[in-house]
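Visitor: With the sequence up front, the predicted model follows.
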Amino acid sequence: NPSGELRHSFDLFANIRPNRTLPGIDSVAKQADLVIYRENTEGFYADRNMAYGTGEWQVTPDVVISAGVFTRKAAERIAHAAFQAARSRRRHVSIIHKANVIKLGYGLFLGVCREVASQYPDVRVDDYHIDAAAAHLVRRAGDFDVILTTNMFGDILSDLAGELVGSLGMAPAINAGDHFAMAQAAHGSAPDIAGRNIANPVGILLSSALLLEWLA
């Protein structure tokens with residue numbers, strides 16, 4: 001996966017995915033303007049959570065073990081990025097997790113994000129379990145401002161949010177670190193429709209705009 005390798009190699013720890021309703025575009029969420037800050041380097045995605053190897057082991061033909069990695073460093077820096085962004089928006093951050101079940105891993109993520117939140121007293125903060133967050137996003141997407149979450153949950157919620165505001169094909173994204181950034185539409189590549197003249201270019205155009213904003 002070239003994208004995963006680039007994110008890992010250049011330490012592009014923040015996957016930033018804005019979603020908003022646009023004039024003239026039919027959408028499920030009639031009024032929404034939110035941005036997802038997804039931690040991009042660890043969690044349950046096997047290609048990003050190990051220095052060497054993949055983070056998955058097939059111990060027998062019928063048993064696979066997958067590792068999820070959660071660190072204070074990764075949680076702190078994505079949390080700071082999200083709270084700093086909120087200060088230029090509506091000053092509201094929602095932390096999405098599953099600490100009620102994965103108590104140590106997501107518990108660490110939630111706890112560190114709450115610690116970072118205390119440094120931004122001007123930003124309102126709340127948190128939701130991932131299942132509840134998905135339901136709330138469908139019902140009242142307009143109430144969300146900045147969503148702060150982990151790798152896998154951010155991937156899932158950004159696809160959902162993209163569909164709610166019009167189409168996943170229109171959803172932009174940027175992978176950013178302290179020194180480098182890479183534009184990439186939220187839908188990724190679509191080689192199965194190459195050459196058929198049906199691809200939607202809006203996602204990558206808006207992603208390129210995000211890259212220009214980052215450069216500036």
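Guide: Everything's here; your move. Since the model is a prediction, treat every value here as computed from it, not as a measurement. Residues are numbered from 1 along each chain as shown.
Visitor: now the strands: where do they sit in the protein?
Guide: Counting by DSSP state E, the chain has these strands, from start to end: 14-20, 33-39, 56-60, 63-66, 92-97, 124-129, 146-149, 174-176, 181-183.
Visitor: Go through these and pick out the most buried.
Guide: Relative to the other members of the strands of the chain, strand 146-149 carries the highest mean neighbour count by mean count of other C-beta atoms under 10 Å, namely a mean of 28. Heads up, the C-betas are built off the backbone N, CA and C, glycines and all.
Visitor: what's the single longest helix in this structure?
Guide: In the chain, ranked by residue count with DSSP state H as the criterion, the top helix is helix 72-87.
Visitor: TSV for the strands of the chain, including distance to residue 198?
Guide: As requested, the strands of the chain are arranged in TSV below (distance: least, C-beta to C-beta, whole Å):
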stretch	distance to residue 198
strand 14-20	22
strand 33-39	27
strand 56-60	35
strand 63-66	35
strand 92-97	33
strand 124-129	36
strand 146-149	30
strand 174-176	25
strand 181-183	22
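Visitor: Those: which one's closest to residue 48?
Guide: Smallest distance to residue 48 across the strands of the chain (C-beta to C-beta): 9.7 Å, for strand 33-39.
Visitor: Within its sheet, name the partner strands of the closest one and how each one runs.
Guide: When sheet partners are counted by DSSP bridges, strand 33-39 sits next to strand 14-20 (antiparallel), strand 146-149 (parallel).
Visitor: Distance-wise, check the residue nearest to the spatial centre of the chain relative to residue 152.
Guide: Of all residues in the chain, the one closest to the mean position by C-alpha atoms, centre = their mean is residue 38, 2.7 Å from it. Look at residue 38 and residue 152: by C-beta to C-beta, to the nearest Å, they are 9 Å apart.
Visitor: cool, and residue 68?
Guide: Relative to residue 152, residue 68 is positioned 8 Å away (C-beta to C-beta).
Visitor: tell me, what's touching the two both at once?
Guide: Common neighbours of residue 68 and residue 152, using C-beta atoms under 8 Å, 6 or more residues apart in numbering, are 43, 44.
Visitor: Any idea which of the strands paired with strand 33-39 gets closest to residue 167?
Guide: That would be, of the strands paired with strand 33-39 and by C-beta to C-beta, strand 14-20, which comes in at 10.6 Å.
Visitor: Output the below-cut-off pLDDT ranges for this protein.
Guide: 1 (pLDDT under 70).
Visitor: got the residue ranges for the helices in it?
Guide: When assigned using DSSP H, the helices of the chain occupy the ranges 2-9, 72-87, 105-117, 130-140, 151-164, 202-215.
Visitor: contacts for the shortest one?
Guide: It refers to helix 2-9. Helix 2-9 is contacted from outside by 12, 15, 40, 41, 45, 47, 48, 175, 182, 184, 188, using C-beta under 8 Å, 6+ apart.
Visitor: Now do the fifth one: how many residues are near it, please.
Guide: Residue 45 is surrounded by 23 other residues when neighbours are defined as other C-beta atoms under 10 Å.
Visitor: tell me the contacts of it?
Guide: Residues counted as contacts of residue 45 (C-beta under 8 Å, 6+ apart) are 4, 151, 152, 155.
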